[in-house]
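With the input below, show me the fold.
(one chain, ligands or ions: 1)
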Amino acid sequence: MNTSDFKFNVQSSLQRAKDMSDEEKLYRYKGVLYPQLLSPEENLKALENFKAREEDIMLVAYPKCGFNWMVGVVRKIIAEVTGVKTEARMPPLIEFFGPEMLKEVEAAPSRRFLGTHLHPDNIPASFNEKKTKTLVIFRNPKDTLVSFYHFSNNNPVLPSESWDSFYSNFMSGDVAWGSYFDHALAWEKRMVDPNVMIVTYEELKQDLSDGIRQISSFFGYTLTEAQVLRISDGSTFSAMKQSSANSHESLGDVIFRKGEVGDWKNHFTPEQSREMDAAFNKQLAGTRLGAKLNYQRHCQ
Ligand SMILES: Nc1ncnc2c1ncn2[C@@H]1O[C@H](COP(=O)(O)OS(=O)(=O)O)[C@@H](OP(=O)(O)O)[C@H]1O
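Numbering: from 1, shown residues only. Got it, this is the predicted structure:
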């Protein structure tokens with residue numbers, strides 16, 4: 001799959017964003033906000049008939065939950081097992097592709113590595129129908145919100161917003177790619193599906209090697225301990241930030257920002273923190289995903 005056109009599109013989108021007002025940068029598709037320049041309606045419409053394959057490798061994340069980290073890890077796993085290196089390429093987000101690029105993807109040989117931030121309702125139905133193995137990464141909502149706030153203010157294709165305004169929009173789900181809680185509740189329902197594996201940012205921060213072993217075996221690969229070590233050494237925050245100028249060009253420093261658990265403590269007011277606690281309790285307390293996110297430890 002050749003992604004040079006895609007690289008060019010991202011650069012030209014960043015350029016075009018300079019002439020747009022913040023109001024023009026997001027639009028609604030089936031009720032969910034998406035970035036006009038990166039995921040215009042024609043991209044999302046073209047995706048509706050996308051033909052997933054059983055052998056595809058699919059990665060899903062709500063924005064800022066660690067998608068690019070997992071892209072790096074999965075690409076390194078693939079490189080170790082097959083010898084094919086694709087790490088210098090931009091992330092394989094299907095909603096950024098557009099009709100022409102999608103034709104190339106449809107013609108590409110298996111196994112294809114694909115990813116998305118799409119709202120679960122907007123993910124092409126064929127991924128579920130074909131039982132494509134799908135890795136989903138989640139992160140605690142407070143750090144996700146902080147990361148998203150900085151991203152919005154440093155990525156020209158998204159609106160710039162004050163902390164209080166972004167906080168309110170995140171809580172009501174009026175941010176690009178929709179509500180964190182909508183995504184979480186939809187994936188919570190699929191946690192028992194053997195074709196879905198959910199990992200959390202926080203558990204990977206704690207033991208990346210174990211995560212790499214589990215992820216590779218989920219996709220049907222077996223790694224030696226030396227390979228696991230090589231992949232984890234190359235996937236630390238500092239290693240990935242260092243190589244990001246190559247893989248992500250001008251967005252490298254924006255995406256690889258801080259890479260820590262708990263930065264929310266430097267941003268949330270006590271009242272905002274209590275409001276998020278109440279929202280989490282209402283939506284996710286007592287669920288499997290809620291337990292996996294270990295909210296009390298990471299957010300209280
Ligand atoms: N290797 C590694 N280790 C730890 N943390 C990492 C790593 N790579 C990326 N990150 C952090 O992930 C956050 C970006 O998330 P996404 O890649 O999902 O962002 S995006 O929505 O696709 O733009 C963003 O979090 P914040 O630093 O809190 O903003 C990145 O720094």
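
Show me what from the stretch 101-250 of the chain comes close to the ligand.
Proximity of the stretch 101-250 of the chain to the ligand, by C-beta under 6 Å from any ligand atom, involves residues 117, 143, 147, 150-151, 235-237, 240. The C-beta positions use only the backbone N, C-alpha and C, and glycine is treated the same way.

which residues sit against the helix or strand harbouring residue 231?
Per DSSP states H and E, residue 231 falls inside helix 225-234. Here helix 225-234 makes contact (C-beta atoms under 8 Å, 6 or more residues apart in numbering) with 72-73, 76-77, 80, 208-209, 212-213, 216, 223, 239-240.

By neighbours, which of these wins?
Among the contacts of helix 225-234, residue 73 has the most neighbours (other C-beta atoms under 10 Å), with 26 neighbours.

hang on, that residue packs against residue 212?
Yes. Residue 73 is within contact range of residue 212, at 6.1 Å (criterion: C-beta atoms under 8 Å).

who touches both of these two?
The contact lists of residue 73 and residue 212 share 231, 235, where a contact means C-beta under 8 Å, 6+ apart.

Could you check how far residue 288 is from residue 208?
Going from residue 288 to residue 208 by C-beta to C-beta, to the nearest Å gives 22 Å.

repeat for residue 53
28 Å.

and the closest residue to the ligand within the stretch 101-250 of the chain, how many residues sit next to it?
Of all residues in the stretch 101-250 of the chain, residue 147 sits closest to the ligand, at 3.2 Å by C-beta to the nearest ligand atom. Residue 147 has 23 neighbours, counted by other C-beta under 10 Å.

Name the nearest residue to it, ignoring sequence neighbours.
Nearest residue to residue 147, sequence neighbours excluded (C-beta to C-beta, 6 or more residues apart in numbering): residue 64, at 3.8 Å.

which residues touch that neighbour?
139, 144, 147-148, 151.

Try it again at 7 Å.
Contact analysis of residue 64 by C-beta atoms under 7 Å, 6 or more residues apart in numbering lists 144, 147-148, 151.

And for residue 152?
For residue 152, the contacting residues are 158-161, 166, by C-beta under 7 Å, 6+ apart.
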